[in-house]
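Visitor: I'd like to go over a predicted model; first the sequence, then the structure.
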Amino acid sequence: MHDEKCECDGDCICPVQGIIDVVGKKWAICIVNHLGRAKSLRYNEIKNQIGVISPKTLSDTLKVLEKEGLISRNVYPETPPRVEYSLTKKGTELKTALLPLLKWLQTQ
């Protein structure tokens, strides 16, 4: 996320810039929301719940969210390998912070 020092006075929204780059991606908020409603989900479960997302977009978005520390990717040593995604503490905090925005959007 955004690491540059903010040189604003008063109400500064500079820290928002870094997270906007991440959650501003087309499906990021939707993925965080779905993972926040479940303990963990597998790739196909996420894809089926969203419905209209392409496999490449889902894969790319999951990688970005994992890189930013918002989700964790757990690989289980089974044959075939089982992979589950879940929110990290930071991801859960983001979902909590997004709830007022999501509720506001439902009224629009």
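Guide: Nice, I can see it.
Visitor: In space, what's closest to the residue nearest the centre of the chain - neighbours in sequence excluded?
Guide: For the chain, residue 32 is the residue whose C-alpha lies nearest the centre (Cα atoms, centre = their mean; 3.7 Å). Nearest residue to residue 32 in three dimensions, chain neighbours excluded: residue 95, at 5.3 Å (Cβ to Cβ, 6 or more residues apart in numbering). From N, CA and C alone the C-beta is placed, and that goes for glycine too.
Visitor: tell me which element the one you found falls in.
Guide: For residue 95, the element it lies in under DSSP states H and E is helix 89-106.
Visitor: again, but for residue 73
Guide: Using DSSP H and E, residue 73 falls in strand 71-76.
Visitor: From the contact counts, what lies against the helix or strand just after that strand?
Guide: Remark: after strand 71-76, the chain's next helix or strand is strand 82-87, criterion DSSP H and E. In this structure, strand 82-87 packs against helix 28-37, strand 41-42, helix 43-50, strand 71-76, with contacts taken as 3 or more Cβ pairs under 8 Å, 6 or more residues apart in numbering; DSSP states H and E.
Visitor: export the ones you listed to JSON lines and tack on mean pLDDT and distance to residue 89?
Guide: As requested, the helices and strands packed on strand 82-87 are exported to JSON lines (pLDDT from 0 to 100; distance: least, Cβ to Cβ, whole Å):
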{"stretch": "helix 28-37", "mean pLDDT": "93", "distance to residue 89": "12"}
{"stretch": "strand 41-42", "mean pLDDT": "97", "distance to residue 89": "17"}
{"stretch": "helix 43-50", "mean pLDDT": "96", "distance to residue 89": "20"}
{"stretch": "strand 71-76", "mean pLDDT": "96", "distance to residue 89": "10"}
